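>>> Below: sequence and its predicted model.
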Amino acid sequence: MRFFLALLGVLAAGCAPERLIATFTSRVVQLETCKSIADGPEGCTKEELTSELRNDVVEADDDTFWLYGLPRGGVADRAVLGTHDTQGGFLFVDATTQSDRSSGCVLKNRLELSLIIPVDRIDDVGIDDCVSLVGRQIETTTTTAECDQTSVPPQPLTRTVRRRWEPLSATTTCGQEP
């Protein structure tokens, strides 16, 4: 993937204005997982799961960006399309719907990332892979009552996972040789 991005950067450099092609490494903290059944209140479980996540951002054209390297749908390295947000950062949204005609079960998944490059690190973008994207991530999964095979009567369910993208911690291994 990194070779492909480097080749893409070389090809794009001779054809058009310089576009953003950079690697970022962020500390991603899963804050909580929440669940609501039918129209009931949301019940949340606090979590402090932390990981370092390396992503590539590639500007496809003016105000259109690909974010590569997201773990999603059981795959470790997925891509999400996005744009600039109203604050000058990035907004990446991915939504899918799956349905089973025989049972009537409908599963919807929506991922939203609102990320920025810290102002004090903008000059390092493209030079230092340890520059972080910071912001928030919300992933919402909803299922219809037809998907519920455990409750009586069956109920629709909404599950929301909230994560925070932060600068790297002092104990990071980013940029260090193993």
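Sure, I can see it. Numbers count the residues shown, from 1 in each chain.

>>> can we go C-alpha only for contacts and neighbour counts from here?
OK.

>>> Ranking helices and strands of this protein by mean pLDDT, which lands last?
Within the chain, no helix or strand scores below helix 2-13, which has a mean of 42 by mean pLDDT, DSSP states H and E.

>>> What's the separation between Glu32 and Val106?
Distance from Glu32 to Val106, counting by Cα to Cα, to the nearest Å: 24 Å.

>>> tell me the SS of Ile122?
helix (DSSP: H, G, I helix; E, B strand; the rest coil).

>>> Read off the pLDDT value for it.
If you check Ile122, the pLDDT there is 91.

>>> For it, the count of nearby residues, please.
12 (other Cα atoms under 10 Å).

>>> quick one: it and Val106, what's the gap?
Taken as Cα to Cα, the span from Ile122 to Val106 is 42 Å.

>>> need the longest strand for this structure.
With secondary structure taken from DSSP state E, the chain has its longest strand at strand 43-61.

>>> quick one: stretch 106-125 to chain centroid distance?
In this view, stretch 106-125 has its centroid 7 Å away from the chain centroid, taken as Cα atoms, centre = their mean, to the nearest Å.

>>> Check stretch 21-34 too.
7 Å.

>>> do stretch 101-112 as well
20 Å.

>>> Contacts for that stretch, please.
Contact with stretch 101-112 is made by 91-100, 137-147, as judged by Cα atoms under 8 Å, 6 or more residues apart in numbering.

>>> Make a ChimeraX selection of the buried ones in these.
Command for ChimeraX that selects the buried part of the contacts of stretch 101-112, burial taken from 16 or more other Cα atoms under 10 Å:
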select :91,92,93,137,138,139,140,141,142,143,144,145,147
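
>>> Okay, and which of the contacts of stretch 101-112 map to strands?
Counted as lying in strands by DSSP E, out of the contacts of stretch 101-112, are 91-99, 137-143.

>>> ok so, going back, going on from the least confident helix or strand of the chain, what's the next piece of helix or strand?
Of the helices and strands lying after helix 2-13 in sequence (DSSP states H and E), the nearest is strand 21-37.

>>> Send me that next one as CSV with only the CA atoms.
Below are the C-alpha coordinates for strand 21-37, written out as CSV (Å, rounded to 0.1, in the frame of the first residue of the first chain):
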residue,chain,number,x,y,z
ILE,A,21,-0.8,12.4,0.2
ALA,A,22,0.4,11.6,3.7
THR,A,23,0.6,9.0,6.5
PHE,A,24,-0.7,9.8,10.0
THR,A,25,-0.5,7.9,13.2
SER,A,26,-3.1,8.5,15.9
ARG,A,27,-3.9,7.3,19.4
VAL,A,28,-7.5,6.0,19.2
VAL,A,29,-9.4,5.7,22.4
GLN,A,30,-12.7,3.8,22.6
LEU,A,31,-14.7,5.7,25.2
GLU,A,32,-17.9,3.8,25.4
THR,A,33,-20.3,1.4,23.8
CYS,A,34,-24.0,2.2,24.1
LYS,A,35,-27.1,0.2,23.4
SER,A,36,-30.8,1.1,23.2
ILE,A,37,-33.6,-1.3,22.7
